[in-house]
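S.K.: Just need the structure, nothing else, for what follows:
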Amino acid sequence: MSTVPLSARLPVPEGLSRSGLDLLKRWMRPLLRGLALGLLAFAIFGPILNMLLWTVAERWFFPNKLPSQWGFAFWGRVFSPRGNALESLTTSVGIALGVVVLSLALAIPAGYALARLKLPARAFILLMFLVPQAFPNLPVYMNIARLFYEVGLNGTITGVILVHTVHGLVYAVWIATAAFAAVDPSLEEAARISGAGPTRTFRDVTLPLALPGLMASAVFVFLESLDEFTATFFVGAPEVNTLPLLLYTASAGGNYQIASITALILLVPSIGFMLLVERFLRADVLAKVGQ
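M.R.: Residues are numbered from 1 along each chain as shown. This is a model prediction of the structure:
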């Protein structure tokens, strides 16, 4: 059987030498790689660039490729008292902070127990926290809204915080469990041998070491609550108005400038907090997720 490489047995086109063919291959590889990266960048940043153009476009009609009139008039409308942007932003941030506090209050003891105690149904318990993600949101939130209406929680910030917390516990519990599992048990044993009780060991050793993972968990929960629309719409509207609801109202009415400005306001904290996640969520914590 011949051991000559296939490329050496292929016929070389007339007028193209073997060295020319090798040179063409060396040029084609980075060209194709650059083309693929360019298409990926366009798919990611193209919609963001279009959104940024809409934020400063006062007149933009088809088939114009760019706005025919530029300006910041719609920014004034968004931030005017009648625009409700600042009020909606304050409500969204307040709800998200409440969800973070409630989620961590539940996730810290649950995560510690799942990471340290030998529970017989540990995998099943972790799986149960994924159940809210397994069903379509629309029918679930419709039924929650009906139940909340019967107990007087529909149309209240408290009701919105509760339903957001159910959704955010997936991130909170799973990441908290991974954060506590990443803490070396020998450090806790050393503290206990030195005379520290269980409470002091948890406060002075376990909790500080797990804190980066818990902060990452809080950031994920905050962003999930800040961007949540469906639950807020069914449980909170029209009494509770958040930025996602304002964005939906503007988009449904064809006010693309106002919708784009609102989306940009939502995008800024998302990018900032994701940078925090990258800083605090260590590789050893990620390795423990789901274990």
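
S.K.: Name the residues of stretch 232-242 that come out as buried.
M.R.: Buried residues in stretch 232-242, counted by 16 or more other CB atoms under 10 Å: 232-237, 240-242. The C-beta positions use only the backbone N, C-alpha and C, and glycine is treated the same way.

S.K.: Run a quick neighbour tally on the residue lying closest to Ile108 once chain neighbours are set aside.
M.R.: Excluding the flanking residues, the one nearest Ile108 by CB to CB, 6 or more residues apart in numbering is Ala176, at 6.0 Å. Neighbour count of Ala176, defined by other CB atoms under 10 Å: 29.

S.K.: Tell me the buried residues in the helix or strand where Ala176 lies?
M.R.: When elements are assigned from DSSP states H and E, Ala176 belongs to helix 157-181. Buried residues in helix 157-181, counted by 16+ other CB under 10 Å: 157, 159-181.

S.K.: Can you tell me the closest non-neighbouring residue to Phe61?
M.R.: Ser68 (7.1 Å).

S.K.: tell me the phi and psi of that neighbour?
M.R.: Reported as degrees, to the nearest 10, the phi and psi values for Ser68 are phi -90, psi -20.

S.K.: burial count for it?
M.R.: Neighbour count of Ser68, defined by other CB under 10 Å: 10.

S.K.: Contact partners for it?
M.R.: Residues in contact with Ser68, defined by CB atoms under 8 Å, 6 or more residues apart in numbering, are 59-61.

S.K.: Let's see if you can find the most crowded of these.
M.R.: For those, neighbours tallied by other CB under 10 Å; top is Trp60, 17 neighbours.

S.K.: Based on its surroundings, how many neighbours for Pro198?
M.R.: Pro198 has 11 nearby residues by other CB under 10 Å.

S.K.: Secondary structure element holding the nearest residue to it once chain neighbours are set aside?
M.R.: For Pro198, ignoring the flanking residues on the chain, the nearest one in space by CB to CB, 6+ apart is Arg192 at 7.7 Å. Assigned by DSSP H and E, Arg192 falls within helix 185-193.

S.K.: Contacts made by that helix with the rest, please.
M.R.: Contacts of helix 185-193 (CB under 8 Å, 6+ apart): 116, 198, 200-201, 204-206, 209.

S.K.: ok, which stretches of this protein are strands?
M.R.: In the chain, the strands defined using DSSP state E lie at 57-59, 69-70.

S.K.: pLDDT below threshold where in the stretch 101-250 of the chain?
M.R.: By pLDDT under 70, the stretch 101-250 of the chain has no low-scoring segment.

S.K.: Can you tell me how far the closest residue to Val205 other than its chain neighbours is from Leu211?
M.R.: The shortest distance from Val205 to any non-neighbouring residue, by CB to CB, 6+ apart, is to Ala191 (4.8 Å). Applying CB to CB, to the nearest Å, the value for Ala191 to Leu211 is 16 Å.

S.K.: Could you check which of these two is surrounded by more residues?
M.R.: Ranked by neighbour count (other CB under 10 Å), Ala191 and Leu211 place Ala191 first, with 18 against 12.

S.K.: any idea how far Phe129 is from the nearest residue to Val221 once chain neighbours are set aside?
M.R.: Nearest non-adjacent residue to Val221, counting by CB to CB, 6+ apart: Gly168, 3.9 Å away. Noted for Gly168: a distance of 10 Å to Phe129, by CB to CB.

S.K.: longest single helix anywhere in the protein?
M.R.: Counting residues, the longest helix found in the chain (DSSP state H) is helix 18-55.

S.K.: circling back: will you turn the buried residues of stretch 232-242 into TSV that also has distance to Leu52?
M.R.: As requested, the buried residues of stretch 232-242 are exported to TSV (distance: CB to CB, whole Å):
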residue	distance to Leu52
Thr232	26
Phe233	26
Phe234	31
Val235	32
Gly236	29
Ala237	28
Val240	29
Asn241	25
Thr242	23
